[in-house]
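1. My questions are about this predicted structure, shown below with the sequence.
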Amino acid sequence: MVTLQSKWRFLFMFLGIQLVVMALLSREGYHKRVSYFIRIFRKGEAAGPVRNRTAAAPGGGDVYANLSQLSRGHDHADDMPYCPKTSPLIGGPIHVSFPSGLTLAQVQRKNPLVVSGGRYRPPDCEARHRTAIIIPHRHREHHLKFLLYYLHPFLQRQQLSYGIYVIHQAGNYTFNRAKLMNVGFREAMREEDWDCLFFHDVDLIPEDDRNLYVCDANPKHAAIAMDKFGYKLPYKMYFGGVSALSPLHYLKMNGFPNNYWGWGGEDDDIGVRVSLAGMFISRPSLKVGRYKMIKHKLDKGNDVNPKRFNMLAKTRQTWKMDGMNTVEYEVVSRDYLPLYTNITVNIGTESGLHPPAQKPAAEKPAAAQKPAAAQTCSRKSCCRETCS
Ligand code: UDH
Ligand code: NGS
C-alpha cells in the first residue's frame, strides 16, 4: 500500500514538472531563454573571434558558414567544369561585428585555401569571373584586418577567382585615394588578365553576399546602402566607397584623376567621368548593396581638400588630360603576403615624384611656411595635371 502511494506521488511530481517546463517554454520570449542555455553549453566551442551562426540566422549569418565543405588540394585540371551560374554557397545577409583581439594569423587559419598574395580559385570548379580587389591604404592596419576577415569568405562564397591588392601610399605626404587606385589598376593588370576590378575602401564591410563582386555592362557603384547614411544613397550621383569597373570601362574614362590630394571630391569626379565617357552608373538593389562602416575620424595626412569644388567644376575639361595616361609613380616594394599582395608606392606630391626637399621651417622666409598639403599650384612650380 505504502509503495503504491509513493509511486503515484512520483508520477504526479513528474507530470507536474513537465507541465511547468511546457508552460515556461510556451511563454513569449522562450527563444531567448533556450538560446541562452544553448550558449552556456557551447561556450567552450567558440573557436573564432566571431560567433558562428547559420546562414539563415536573423540579423545575418556567419560569413564562414558552409565554407568548411570546400575540399583542399584539388589539382586545377583543364577539364574542370565551370562553376554554376549562381553559387550554391551564397547565403544572403551576413552578420558583421568588430570584436577586439582578432589577429591576421586567425584570419589566415580561417582561410586555408587562400594562397600567397591573397589569391584564390574555387577548388572544385572553374570560376566564371576573375576579380581583383584594389584597396587604397595607409595607416589603417586595424581596419584592413577586419576587411580581410570578411572579404575572403565573402568572395569564396561567390565562387570567384580573385586576388586582393593593398596599395599602400609611402611617406607622409597628403593622401591621394584616386591616384592609388590608378596604380592598383596598372599593377594588378600587369599580373593577370582580371575581368573586373573592385575599388574598395578599407573600412567598408559588405553585409550581403548576393552583392556580387563581378562587373556589369556599365561601371557599378556597389556601396549604395551604407549604415552611416541610413542604408540609403546620400545623393544621386554618389560614387564613393566601393565601385567596380571592367578594364574596358576603366580605360574608356581614362581611369581616375591623379590630382585630388586630401579628402573629398575625387569620387564625385569619377562619377562624372563615367557619364562624360558615355556610360551609366549601374547599382545593385538597396537590399543587397549594404555595407557597415568601421567608425573612424578623418585621418592625419588626409585633410579636407579645399580645392575640390573648383576642380570638380572643371572635370569636363580635364578628364582626358589627367588619368591613366598621365599617372606617374614608383613601386617601392611588392610583397606577396599570405592574405594579400602589398604594393608600397611613391606617388609623389603636386610638384612631381621627386619634389625638391623642403628646408626646415625655421630657415624659411615667413611667406613660404605653409604646410605642404595647403600649397597651391603656381605656374612656376607647375603641378603637371592641374596647370596644363
Ligand atoms: N585611406 C587610408 N588612409 C588614410 C586615408 C584614407 O587608408 O589616411 C583610405 C581607406 O581605404 C579609406 C579610404 O581611403 O577607407 C577613404 O578615406 P576615408 O575613410 O577617410 O573617407 P570617408 O569619406 O571618411 O569614408 C571620412 C571621415 C569623415 C570625413 C568628414 C569630412 N567632412
Ligand atoms: C561629398 C564629398 C564626397 C564624399 C561624400 C560622402 O560631399 O567626396 O560627401 O562623404 N564630395 C565633395 O566634398 C565634393 S562622407 O559622408 O562619407 O564623409 O564621398
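-> Yep, that arrived. Ligands and ions are numbered 1, 2, ... in the order given.

2. residue boundaries of the strands in the stretch 201-350 of the chain?
-> 204-206, 220-221, 225-226, 242-245, 290-293, 330-336, 341-346 (DSSP state E, counting those that start in this stretch).

3. Make TSV out of those strands and add distance to residue 11 and mean neighbour count.
-> Backbone N, C-alpha and C define where each C-beta goes, glycine included. Below are those laid out as TSV (distance: least, CB to CB, whole Å; neighbours: other CB atoms under 10 Å):
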stretch	distance to residue 11	mean neighbour count
strand 204-206	56	24
strand 220-221	68	26
strand 225-226	59	22
strand 242-245	65	24
strand 290-293	55	21
strand 330-336	71	13
strand 341-346	71	20
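
4. which stretch among those strands comes nearest residue 260?
-> strand 242-245 (15.1 Å; CB to CB).

5. What pairs with the closest one, parallel or antiparallel?
-> strand 196-200 (antiparallel), strand 220-221 (antiparallel) (DSSP bridges).

6. got the strands of the stretch 201-350 of the chain as a markdown table, with mean pLDDT and distance to ligand 1 columns?
-> Putting the strands of the stretch 201-350 of the chain into a markdown table (pLDDT from 0 to 100; distance: least, CB to the nearest ligand atom, whole Å) gives the following:
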| stretch | mean pLDDT | distance to ligand 1 |
| --- | --- | --- |
| strand 204-206 | 98 | 7 |
| strand 220-221 | 98 | 14 |
| strand 225-226 | 98 | 9 |
| strand 242-245 | 98 | 10 |
| strand 290-293 | 98 | 7 |
| strand 330-336 | 98 | 16 |
| strand 341-346 | 98 | 13 |
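
7. Using a markdown table, please lay out these together with distance to residue 79.
-> Converted to a markdown table, these look like this (distance: least, CB to CB, whole Å):
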| stretch | distance to residue 79 |
| --- | --- |
| strand 204-206 | 33 |
| strand 220-221 | 32 |
| strand 225-226 | 41 |
| strand 242-245 | 30 |
| strand 290-293 | 38 |
| strand 330-336 | 29 |
| strand 341-346 | 29 |
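
8. Out of those strands, the one nearest residue 189 is which?
-> Comparing the strands of the stretch 201-350 of the chain under CB to CB, the one sitting nearest is strand 242-245, at 11.6 Å.

9. and that closest one, how far from the chain's centre?
-> 10 Å (CA atoms, centre = their mean, to the nearest Å).

10. State the distance from the closest residue to residue 173 other than its chain neighbours to residue 253.
-> Excluding its sequence neighbours, the residue lying closest to residue 173 (CB to CB, 6 or more residues apart in numbering) is residue 349, at 5.1 Å. Here residue 349 is placed at a distance of 25 Å from residue 253 (CB to CB, to the nearest Å).

11. what pLDDT does residue 6 get?
-> Listed pLDDT for residue 6 reads 72.

12. Got the confidence number for residue 112?
-> Reported pLDDT at residue 112 in the predicted model: 96.

13. list the buried ones in stretch 133-150?
-> 133-138, 140, 143-150 (16 or more other CB atoms under 10 Å).

14. Can that stretch be said to contact ligand 1?
-> Yes - Stretch 133-150 comes into contact with ligand 1 (CB under 6 Å from any ligand atom), by way of 135-140.

15. tally of neighbours for the residue of the stretch 51-200 of the chain found nearest ligand 2?
-> Ranked by CB to the nearest ligand atom, the top residue of the stretch 51-200 of the chain for proximity to ligand 2 is residue 177, at 9.3 Å. Using other CB atoms under 10 Å, residue 177 has 24 neighbouring residues.

16. Buried residues of stretch 343-362, list them for me.
-> 343-350.

17. And stretch 117-135, by the same measure?
-> 117-122, 125-135.

18. With residue 159 as the reference, measure out to residue 174.
-> Separation of residue 174 from residue 159 (CB to CB) stands at 40 Å.

19. that older thread, the residue of the stretch 51-200 of the chain closest to ligand 2 reaches residue 134, doesn't it?
-> No - the pair residue 177 / residue 134 is not scored as a contact, 10.7 Å apart, by CB atoms under 8 Å.

20. Skip the chain neighbours and tell me the closest residue to residue 211.
-> residue 288 (4.5 Å).

21. okay, now that neighbour: neighbour count?
-> Here the count is done by other CB under 10 Å, and residue 288 has 18 residues near it.

22. Check residue 93 too.
-> The tally of other residues near residue 93 (other CB under 10 Å) stands at 19.

23. which residues touch it?
-> 59-61, 207-208, 290 (CB atoms under 8 Å, 6 or more residues apart in numbering).

24. Now the terminal residues of stretch 239-254, how far apart.
-> Taking CA to CA, to the nearest Å, stretch 239-254 runs 16 Å from one end to the other.

25. cool, and stretch 108-119?
-> End to end - CA to CA - stretch 108-119 spans 12 Å.

26. Just the buried residues of that stretch, please?
-> 110-111, 113-114, 117-119.

27. Other residues contacting that stretch?
-> 48, 64, 70, 72, 120, 123, 148-149, 152-153, 156, 162-165, 336-341.
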